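J.: return atomic coordinates for the entry below.
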Amino acid sequence: MKKKVVVGMSGGVDSSVAACLLKEQGYEVIGVTMQIWRDEQPEQISENGGCCGLSAVEDAREVAHLIGIPHYVMNFKQEFQHQVVDYFVEEYLKGRTPNPCIACNRYVKWEALLKRGMEIGADYLATGHYARVEQLPNGRYAIRNSVTARKDQTYALYNLTQFQLSHTLMPVGAYEKSKIREIAAGLGLPVADKSDSQDICFVPDGDYAAFINKEAAGRVPGEGNFVDEDGRVLGRHKGITHYTVGQRKGLGLSMGRPVFVSEIRPETNEVVISDEGAVFHSELVCDRINFMGMEGLPKPRRVWAKVRYAHKGEWCTIRMDGEQRIHCSFENPVRAITPGQAVVFYDGEYVLGGGTIL
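T.: Numbers count the residues shown, from 1 in each chain. Here you go, the predicted structure:
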C-alpha cells in the first residue's frame, strides 16, 4: 500500500517540485496550501507572492492540476495569529528580536498541518525546505544540511520534535537550487522562474515597527533616550520596536564615528549605543531548549553554533546551566548576539539542538 503524504504547497518552485518528486517516488501525494494570513486587498494579491498571499493559492492549485494531484486550502489563520504574529509582537515589546519563521515552522507548518494531515490519513508531511531528515545511529532523528549550502534552512528548523521529524520528508534538500528550477522547467511548471520569497511574509514592506504599532495599538512604547553604557543621554530614539542589537543604520545620531545598538532596555525605554567592540561577545545563555540529534547534555561538549540565520557559525563549548538552560562559551567573539534570536548547535552537518538567546 502506497504511503500517503501531505505536501505543504506555498505556490513556490521548491514545494511544487517537492510534490513532483514524491509522486515520482510512488507516494500518494495531496497538496495543501495553508491559509494563514488575513484576507488581502485585490491590489495586494499580485505584490505579495510569498507563502501567505492569495496568489500562492492560485499558483499551487495550478501546479497540482498539472501534475495530477488533489489540492486543498486549509485555514490556519487562528494558529498563525496566536503562535506567530502575537509572539512576534510581544517579543519586540519586550526589547527582543524574534524569529517568526522558527515559530511558524514548529507550531503551524508542522504541529497544526501535520496533525490535520494525519487526521485525513497521511503518513508524512513534506515541504520544500532546503534540508534533509535522517535517523542517526543513536536512534534519534535530526535535520541535516542541504546539498545547496547557500540555501540551507536547517537553522530555522532546529525546534522540530522527534515525532514531527519521524513523519517528515524534505525531498529538495538533496538537490542544488539550480537543479530544482531545471526540474520545474522540464515539467513545464508555471512557477519554474518564480522568485524566492524574501523577509517576513506578513510584513512585506519590511516596516516591522509600523506593523507592531498597528497590532498592539496603545501598548507600544513611544520615544525614549539613546544612552551610552554609563547612562549618559545621547539623543532621542523613535521607540524600542525600531531597533535591534548590532544595528548601525537609521539611528539618526551624529557621533562623529560609527556607533551601534548594544542593548535595548524596555523597562526604562532606553536604547544603549556603543562602539562596535561592545557588540562582540564570547558567551550567551539560552532557554526554551530543543534537543534534536542529541538526547541531552550530560557533560560539556564542543560544537559549532550559529546565532542567526545568516551567521556562518563559530566553535563553542556548551554545558547545562540549571535544568532548562544552556551556557555557551565561544572560542572567538561573536557579533550581535541578540536576545530573542535562536542559537543552533551542530555536529558537522547535523543539528544537535538549540534554544532561544536570553
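J.: please count neighbours and contacts with C-alpha atoms only from this point.
T.: Noted.
J.: would you map the strands across the stretch 151-300 of the chain?
T.: Using DSSP state E, counting those that start in this stretch, the strands of the stretch 151-300 of the chain run over 168-169, 224-227, 233-237, 260-265, 270-274, 280-291.
J.: out of those, indicate the one that is most buried.
T.: strand 270-274 (a mean of 24; mean count of other C-alpha atoms under 10 Å).
J.: for it, packing partners?
T.: strand 224-227, strand 260-265 (3 or more C-alpha pairs under 8 Å, 6 or more residues apart in numbering; DSSP states H and E).
J.: partner strands of the longest one, with direction?
T.: Using DSSP bridges, the strands paired with strand 260-265 in its sheet are strand 270-274 (antiparallel).
J.: what sits up against the partner strand?
T.: 224-229, 237, 240, 259-265 (C-alpha atoms under 8 Å, 6 or more residues apart in numbering).
J.: with stretch 19-38 instead?
T.: Taking C-alpha under 8 Å, 6+ apart as the rule, stretch 19-38 contacts 2-11, 52-53, 56-57, 60, 64, 67, 69-81, 171, 202.
J.: hmm, 7 Å instead?
T.: Residues from elsewhere that reach stretch 19-38 (C-alpha atoms under 7 Å, 6 or more residues apart in numbering): 2-10, 52, 57, 64, 67, 69-77, 80, 171.
J.: which of those fall within helices?
T.: Val57, Ala64, Ile67, Lys77, Phe80 (DSSP state H).
J.: tally of neighbours for the third one?
T.: Taking other C-alpha atoms under 10 Å as the neighbour definition, Ile67 ends up with a count of 16.
J.: same check on the second one?
T.: The burial metric for Ala64, expressed as a neighbour count using other C-alpha under 10 Å, is 24.
J.: excluding chain neighbours, what is closest to it?
T.: Spatial nearest neighbour of Ala64, excluding adjacent residues (C-alpha to C-alpha, 6 or more residues apart in numbering): His71 at 6.1 Å.
J.: make a PyMOL selection of the buried ones in the contacts of stretch 19-38.
T.: A single PyMOL command selects the buried members of the contacts of stretch 19-38 (16 or more other C-alpha atoms under 10 Å):
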select buried, resi 4+5+6+7+8+9+10+52+57+64+67+69+71+72+76+80+171
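J.: pLDDT weak spots in this protein?
T.: Low-confidence segments of the chain (pLDDT under 70): 39-54, 198-199.
J.: find the residue at the geometric middle of it.
T.: Cys101 (2.9 Å; C-alpha atoms, centre = their mean).
J.: grab the nearest non-local neighbour of it.
T.: According to C-alpha to C-alpha, 6+ apart, the nearest residue to Cys101 is Ala156 (6.5 Å).
J.: go ahead and confirm the one you found touches Ile102.
T.: Yes - assessed by C-alpha atoms under 7 Å, Ala156 is found in contact with Ile102 at 4.9 Å.
J.: tell me the phi and psi of Asp207?
T.: The phi/psi pair for Asp207 (degrees, to the nearest 10) reads phi -90, psi 80.
J.: and the gap between it and His242?
T.: Distance, Asp207 to His242, by C-alpha to C-alpha, to the nearest Å: 9 Å.
J.: which one's more surrounded, these two?
T.: Between Asp207 and His242, counted using other C-alpha under 10 Å, the more crowded position is His242 (17 against 10).
J.: what angle do the helix or strand where Leu352 lies and strand 280-291 make?
T.: Here Leu352, judged by DSSP states H and E, is contained in strand 350-357. Counting by axes from the mean of the first three to the mean of the last three C-alpha atoms, to 10 degrees, strand 350-357 lies at 110 degrees to strand 280-291.
J.: centre of the chain versus strand 350-357, how much separation?
T.: Between the mean C-alpha point of strand 350-357 and the mean C-alpha point of its chain there is a distance of 13 Å (C-alpha atoms, centre = their mean, to the nearest Å).
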